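Novice: below is the structure, and that's it, no one-letter string:
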Ligand SMILES: Nc1ncnc2c1ncn2[C@@H]1O[C@H](COP(=O)(O)OP(=O)(O)O)[C@@H](O)[C@H]1O
Ligand SMILES: Nc1ncnc2c1ncn2[C@@H]1O[C@H](COP(=O)(O)OP(=O)(O)O)[C@@H](O)[C@H]1O
C-alpha cells in the first residue's frame, strides 16, 4: 500500500498543481480518463471548499493512500491548529459539496465544532460505484 | 515565499508523478517550456540517482521553495535515518549527475559519509544562467 | 485560461471563446471580462467551450452571476461545444437546466 | 511508453517507433523489447522518436546497451525526429557523437 503526501500553500494559484499531481497518480494507477477527471474534480473542489471555509488558512495537506490499482483514498485537510471560520463564505461552497459527493465513490467529512475541516474521498478505478 | 513539499514512495513508478507536479509548479510560475523541461529533468534524474544509490530507500522527499516568479529551489532527498548504500549501482548514475549539473542553474549535493544523500537545485525562469 | 470575444451586431450577440482551465485562481478574471462585455452591449452571450479543459464551482458561480445580469435585460446565455466530462459538472449541479447547452460530439 | 516495430527486409533494418515517456519505470521493458528484435534479425535499427515526449538516463542506458550489441555485428542505430529538448539530453551526455541523430524541424 503506497502513500503520497503533499503540503501546498492554501492559495488559489496552487489548485492547478493539486490537480496535476492527482491526475498523474490516477493515470499511473491506470484509471480511465473519466475516473481521472472525477478524482481531479473531487480534490480540486475539496481544496476550494477549505480555502473558502477558513479565512486564515495557510496550508493544505493532500494525502493519497493507494489501496490497490483501482482503489485510492484521498484525504484533503487543513493541517495543524484550528483556523478562523470565514463567516462570508461564498455560495459556490454549496456547489463544491454537491460536486464532490457526485464524483466520488464515497466521501467522509471531518467535522469539528460544526465546521468541515477535511474530506476523505474514495475513488475506485471501476467507475462510480455509488450514485446516491 | 511559497513552499511545497511532497513525500512519495521511492519507486520507479512514481517518478512520472514527481515530473508532473514539478511541471505544474514551473508552469504556474510562468517558466518557459524549455525551463519547465529542464526542471522536470533535473528533479527526475535526482530521484533516479537516489533510488539507485540506496538499496533500502522507501521515501523520497521533494521540497520546492519558490523565491520569486522566476527563481525556484528544489531539494530532493532521502528523509530520515541513513539508508544502505547500493554497492552495484548502475552506470546510469553517472549520466544522471551529468544531466542534473547541465540543466540546473546551480546544484548543491548533500554528502554524508562520502555518499550523496540529497540534491538542492536552483532553477531560474530566465534560462540557464550557469553553464559549467 | 484565455478569453476571446467578438461582438456580432446582426444578432445582438457576444461570441465568447474560453480555453484552458477556469478555476478558483482565474475565475475573477472571467467575471471581470464578462461584466465588461455586458456593460458595452446588453446582448445575448454565446460561449464556445471547444477548447475549455476544466471549469470548477468558482467558474460556474461566475456564469450564474453573469446569467442573472443578462436576464435583467431579457438576454440569454448559450454554452456550446462543452466536452462531455465538463457537461457532467453542469448536470450534477443542475445548471444544465439553467443554461442552454450544446455538447461536443 | 509504446513500442512498435516493423522489419524491413530490403535494407536489413528494424524500424522502431517510440512514443510517450521512457523513464526508470519502463526502461526495462524497452530493453527487453530491443533485445528481442536483435535476436530475431541481426539488422540495423532506425528509431523514430516523433512521438517521444521524454527519455531519462535509464532510457539512454538502454540505448547504449543496445548499441553495444548492434556494433558486435557491425550494425548501426539511427535515431530520427528527436524533439529539440530531448536532443539536448543527448548532447549533454555526449551521446550525439555515439548515435546518428536527426532532430525534428
Ligand atoms: N445558486 C447559486 N449557486 C452557486 N453560486 C451562486 C449562486 N447564485 C450566485 N452564486 C455566486 O455567488 C456569488 C454571489 O452572487 P450574487 O449575489 O449574484 O453576487 P454578484 O452580484 O457579485 O454576482 C457570485 O459569485 C455568484 O456567481
Ligand atoms: N557509458 C555508459 N554510460 C551510461 N550507461 C552505460 C554506459 N555503458 C553501459 N551503460 C548501461 O549500464 C548497464 C550495464 O551495461 P552493460 O555492461 O552493457 O550491461 P548489459 O549487458 O546488461 O547491457 C546497461 O544498462 C547499459 O545500458
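Specialist: Now that the structure is in, tell me what you want to look at. These figures come from a predicted structure and were not determined experimentally. Numbers count the residues shown, from 1 in each chain, chains lettered A, B, ... in the order given. Ligands and ions are numbered 1, 2, ... in the order given.
Novice: pretty sure residue C:54 sits against residue A:19.
Specialist: Yes - at 7.5 Å, residue C:54 and residue A:19 qualify as touching, with contact defined as CB atoms under 8 Å. All C-beta spots, glycine's among them, are computed from the backbone N, C-alpha and C.
Novice: now do stretch A:56-74: distance to the chain's middle.
Specialist: Put simply, stretch A:56-74 sits 7 Å off its chain's centre (CA atoms, centre = their mean, to the nearest Å).
Novice: quick check: buried residues in that stretch?
Specialist: A:57, A:59-66, A:70-74 (16 or more other CB atoms under 10 Å in any protein chain shown).
Novice: check which helix or strand covers the most centrally placed residue in chain A.
Specialist: Nearest to the mean C-alpha position of chain A, counting by CA atoms, centre = their mean, stands residue A:43 at 2.9 Å. For residue A:43, the host element (DSSP states H and E) is helix A:33-53.
Novice: that helix close to ligand 1?
Specialist: No - Helix A:33-53 is not in contact with ligand 1 by CB under 6 Å from any ligand atom; minimum separation 11.0 Å.
Novice: can you check which residues contact both of residue C:54 and residue A:19?
Specialist: A:40, C:23 (CB atoms under 8 Å, 6 or more residues apart in numbering or on different chains).
Novice: now do the strands in the chain.
Specialist: You didn't pick a chain, so chain A it is. Remark: strands assigned in chain A by DSSP state E are A:2-9, A:59-68, A:71-77, A:106-112, A:115-124.
Novice: the intended chain is chain C.
Specialist: So, for chain C - with DSSP E - the strands run C:2-8, C:13-22, C:44-55, C:77-82, C:100-103.
Novice: ok, the residue in chain C positioned nearest to chain B to chain D distance?
Specialist: Closest contact between chain C and chain B, by CB to the nearest CB, is at residue C:25 (8.6 Å). Noted for residue C:25: a distance of 26 Å to chain D, by CB to the nearest CB, to the nearest Å.
Novice: ok, that residue - contacts?
Specialist: By CB under 8 Å, 6+ apart, residue C:25 lies in contact with A:12-13, A:15-16.
Novice: next one: residue C:38
Specialist: Per CB under 8 Å, 6+ apart, neighbours of residue C:38: C:45, C:66, C:69-70.
Novice: what do you get if the cut-off is 6 Å, keeping everything else the same?
Specialist: Contact analysis of residue C:38 by CB atoms under 6 Å, 6 or more residues apart in numbering or on different chains lists residue C:69.
Novice: can you pull the pLDDT of residue 60?
Specialist: You didn't say which chain, so I picked chain A. pLDDT for residue A:60: 97.
Novice: switch to chain C, that's the one I care about
Specialist: Value for residue C:60, per-residue pLDDT: 98.
Novice: and for it, the neighbour number?
Specialist: By other CB atoms under 10 Å in any protein chain shown, the residues close to residue C:60 number 22.
Novice: residue in chain A nearest to chain D?
Specialist: Counting by CB to the nearest CB, chain A gets nearest chain D through residue A:28, at 8.6 Å.
Novice: so which of the strands of chain A gets nearest ligand 2?
Specialist: Evaluated over the strands of chain A, closeness to ligand 2 peaks at strand A:2-9, with 26.0 Å, by CB to the nearest ligand atom.
Novice: so the residue nearest to the centre of chain A touches residue A:23, yeah?
Specialist: No - using CB atoms under 6 Å, residue A:43 is not in contact with residue A:23, being 9.3 Å away.
Novice: which residues does residue C:45 bridge with?
Specialist: residue C:14, residue C:77 (DSSP bridges).
Novice: what's the burial count for it?
Specialist: Using other CB under 10 Å as the criterion, the residues surrounding residue C:45 number 24.
Novice: and it, how close does it get to chain D?
Specialist: In terms of CB to the nearest CB, residue C:45 sits 38 Å off from chain D.
Novice: can you check residue C:2 too?
Specialist: 23 Å.
Novice: show me what contacts that residue?
Specialist: C:19-20.
Novice: so it bridges to which residues?
Specialist: residue C:19.
Novice: quick one: pLDDT of it?
Specialist: Taking residue C:2 on its own, its pLDDT is 96.
Novice: equivalent analysis for residue A:129, please.
Specialist: With respect to pLDDT, residue A:129 has a value of 47.
Novice: try residue A:80
Specialist: 76.
Novice: identify the residue nearest it in space, chain neighbours excluded?
Specialist: Spatial nearest neighbour of residue A:80, excluding adjacent residues (CB to CB, 6 or more residues apart in numbering or on different chains): residue A:59 at 7.4 Å.
Novice: counting neighbours, what do you get for residue C:91?
Specialist: With other CB under 10 Å as criterion, residue C:91 counts 12.
Novice: need the pLDDT of it.
Specialist: 96.
Novice: now it: how far from residue A:103?
Specialist: Distance, residue C:91 to residue A:103, using CB to CB, to the nearest Å: 12 Å.
Novice: quick one, what contacts the most far-flung residue of chain C relative to its centre?
Specialist: In chain C, counting by CA atoms, centre = their mean, residue C:10 sits farthest out from the average C-alpha position, at 20.2 Å. Going by CB under 6 Å, 6+ apart, residue C:10 touches no other residue.
Novice: so for residue C:54 and residue A:19, which sits in the more crowded spot?
Specialist: residue A:19 (23 against 20).
Novice: would you agree the more buried one is in contact with residue A:44?
Specialist: Yes - Residue A:19 lies in contact with residue A:44 (CB under 6 Å); the separation is 5.2 Å.
Novice: look at residue A:69 and report its pLDDT.
Specialist: pLDDT, residue A:69: 88.
Novice: now it. Its backbone dihedrals?
Specialist: Per-residue torsions, residue A:69: phi -60, psi -20 (degrees, to the nearest 10).
Novice: which residue sits closest to it, ignoring its sequence neighbours?
Specialist: residue A:29 (5.3 Å).
Novice: what's the spacing between the one you found and residue A:76?
Specialist: 18 Å.
Novice: those two: which has the busier surroundings?
Specialist: Using other CB under 10 Å as the criterion, residue A:29 and residue A:76 rank with residue A:76 on top: 25 against 21.
Novice: so what sits opposite that one in the bridge?
Specialist: residue A:62, residue A:119.
Novice: ok, it to residue A:103 distance?
Specialist: Residue A:76 is 14 Å from residue A:103, by CB to CB.
Novice: show me what contacts residue C:69?
Specialist: residue C:38.
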